[in-house]
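Trainee: Sequence first, then the predicted structure, then my questions.
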Amino acid sequence: MRDVDLSVAKNRVDLEIILPKGRGKAIKVCLIGSAELAFKARTVADLVIQPEQLEDLAGNKKKVRELARKFDFFIAEAPLMPVIGKRMGQILGPHGKMPKPIPPNADPAPIIAAMRSTVRVKSGERRTFHAPVGTRDMSAEDLADNLDAVIKRVIGKLERGRVNIQSAYLKTTMGPAVRYM
């Protein structure tokens, strides 16, 4: 990015983008919710944590750190958010994994399905950021669609749009970078 004052919080990029062709790999989602929501999510979430289990986790920071490493996204029943913030926020917050609140009577299946195709783009105070747009085994067209979606959302977020982007590169994990724009 260029000509953007990142010391001002409103200028920073912090987006969750749903990729049209998916991430290309398994994304793990943990749901924290009470009986009804937990029952609905048992087949779609990778892990379901009920409120009574929160107290056990609160006293065990090592276990919460393991959860933060193991799961890509967390969602939680809205009334539980204050308890989660108090008990687990010190660890989940810095990792950028604070749960996304959902209403107690909502169906978690579409929310979890969307999260499995979601990538988080966050600049912080740096001019550069990285975003996964797929895997090597995806077709070039699918990767291009995903990359296009990310670039369009980032351009939409920036004050002067395309002018604020200095360059963009596409690369595999250990491969050379290829200039995209």
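Mentor: Good, I have the coordinates. Residues are numbered from 1 along each chain as shown.
Trainee: Check what contacts the longest helix anywhere in the chain and list those residues.
Mentor: Identified as the longest helix of the chain according to DSSP state H is helix 140-157. For helix 140-157, contacts defined as Cβ atoms under 8 Å, 6 or more residues apart in numbering pick out 13, 15, 17-22, 24, 119, 121, 131, 133-134, 138, 161-162, 164-165, 168, 170, 180-181. Any C-beta I mention is one placed from the backbone N, CA and C, and that applies to glycine too.
Trainee: switch to 6 Å and redo it
Mentor: Under the contact criterion Cβ atoms under 6 Å, 6 or more residues apart in numbering, helix 140-157 has outside partners V13, L15, I17, L19, P20, K21, A131, V133, G134, G161, R162.
Trainee: Check stretch 70-77 too.
Mentor: Contact with stretch 70-77 is made by 27-34, 37, 84, 97, 99-102, 104, 115, as judged by Cβ under 6 Å, 6+ apart.
Trainee: Go again with 7 Å.
Mentor: 27-34, 37, 46-47, 84, 92, 97, 99-102, 104, 108, 111, 115 (Cβ atoms under 7 Å, 6 or more residues apart in numbering).
Trainee: can you list the domains in the protein?
Mentor: Per the record, the chain has its domains at 9-24+119-179, 29-114, by automatic domain parsing.
Trainee: Make a ChimeraX selection of the buried ones in the contacts of helix 140-157.
Mentor: In ChimeraX, a selection of the buried entries from those looks like this (16 or more other Cβ atoms under 10 Å):
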select :13,15,17,19,21,131,133,134
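Trainee: How far away from the center of its chain is stretch 10-29?
Mentor: Chain-centre distance of stretch 10-29: 5 Å, with Cα atoms, centre = their mean, to the nearest Å.
Trainee: TSV for the contacts of helix 140-157, including pLDDT?
Mentor: Listed next are the contacts of helix 140-157 as TSV, based on pLDDT from 0 to 100:
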residue	pLDDT
V13	80
L15	86
I17	91
L19	93
P20	94
K21	92
A131	85
V133	88
G134	87
G161	77
R162	78
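Trainee: would you turn the contacts of helix 140-157 into a markdown table with secondary structure and distance to A149?
Mentor: Converted to a markdown table, the contacts of helix 140-157 look like this (DSSP: H, G, I helix; E, B strand; the rest coil; distance: Cβ to Cβ, whole Å):
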| residue | secondary structure | distance to A149 |
| --- | --- | --- |
| V13 | coil | 14 |
| L15 | strand | 11 |
| I17 | strand | 6 |
| L19 | coil | 6 |
| P20 | coil | 6 |
| K21 | coil | 9 |
| A131 | coil | 10 |
| V133 | coil | 8 |
| G134 | coil | 11 |
| G161 | helix | 16 |
| R162 | helix | 15 |
